[in-house]
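Student: what follows is a predicted structure for the sequence shown.
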Amino acid sequence: MVSLFVVILTFFASLVSALFGGGSGLLIVPGIFWLLTHINPPEQHYLMQTTIATSFLLSIPIGLISSLKHYKYGNIDNNLIKKYLPFILLGVVIGLLTLLFIKTNFLKIYFSIMVFSISLWMYFKKPDNLENIKKQKIWPKWLVHFISFLIGFISTTIGASIFIVPFLIKMKVDIRKAIATSTVIVFIYAVIASISLILIGLSLNDLPEDNIGLINLPIFLVGLLPSIIGSLIGTRLANSLPKEKLKLIFVIMMLAVAIIMAIPK
């Protein structure tokens, strides 16, 4: 039953990630956290950290498959990657160092608040027309770099990469290019975060059973194949569904997840 739950969870999470350029953590984080709280004693430490670390490791095959597919469709913008990735990675590093000092209950509420906030922003944001774009002021470089840093930091501490696509859209990037470019960025920092959290976890005690570092190995192994299948299907859908439907599906999903995670255990 546990294996079936992980298979279904990771399949749909990878589908979501491929569709929206990241965000597998929107499903994987609450799903794995719920699972770990039911198979471990309630006083077990590092459950949310294990959840986030395992989510990052599962993002690697998802990101790799999706990136290759998006490259085939020609939607990846290498200039955007060069422009924003260094500052996002800086946020990732600081986020990794912070993650160990945040308690599980706080991380759970923090996850809900962040997801809920970005879902509201995406829902109420109106499409920009040519006249509005001309009137908009260009953000100063320091502000763009700082926001990129915050995206890396917050994404790491909640285990879900849901901010890159909205940020790129705000930077006037077409949603399909934003999704494809975000997929590559998420893949790169998921590799860095996963390796770091494995190494950091090796020095910790009182970890959940079957962990290697902060990674739960059985959950990763069971979820690997369905993640690959889901990412292949999701990438194809991302290049065929209407843009407004993509946005609406994304917003509804984020609102639902935020509410579920905010409910006390």
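Tutor: Arrived safely.
Student: Leu197 touches Ser59, doesn't it?
Tutor: No. Using Cβ atoms under 8 Å, Leu197 is not in contact with Ser59; the gap is 12.0 Å. All C-beta atoms are positioned from the backbone trio N, CA, C, and that covers glycine.
Student: look at those two and report which has more neighbours.
Tutor: Taking Leu197 and Ser59 together and counting by other Cβ atoms under 10 Å, Ser59 has the greater number of neighbours (32 against 24).
Student: what's the burial count for Asn216?
Tutor: 27.
Student: next: Ser203.
Tutor: Applying other Cβ under 10 Å, we find 7 other residues in the vicinity of Ser203.
Student: can you tell me how far it is from Leu214?
Tutor: Taken as Cβ to Cβ, to the nearest Å, the spacing of Ser203 relative to Leu214 amounts to 10 Å.
Student: same deal with Pro208?
Tutor: 9 Å.
Student: neighbour-wise, which of these two wins?
Tutor: In terms of neighbours (other Cβ under 10 Å), Leu214 is the more surrounded of Pro208 and Leu214; the figures are 27 against 21.
Student: you'd agree the more buried one is up against Thr50?
Tutor: Yes. Under the contact definition of Cβ under 8 Å, Leu214 touches Thr50, with a separation of 5.3 Å.
Student: who touches both of these two?
Tutor: Shared contacts of Leu214 and Thr50, defined by Cβ atoms under 8 Å, 6 or more residues apart in numbering, are found at Leu207.
Student: host element of the nearest residue to Ile65 once chain neighbours are set aside?
Tutor: Taking Cβ to Cβ, 6 or more residues apart in numbering as the measure, Ile65 lies nearest to Ser231, with 4.3 Å between them; neighbours along the chain are not counted. Ser231 is located in helix 217-238, with elements delineated by DSSP states H and E.
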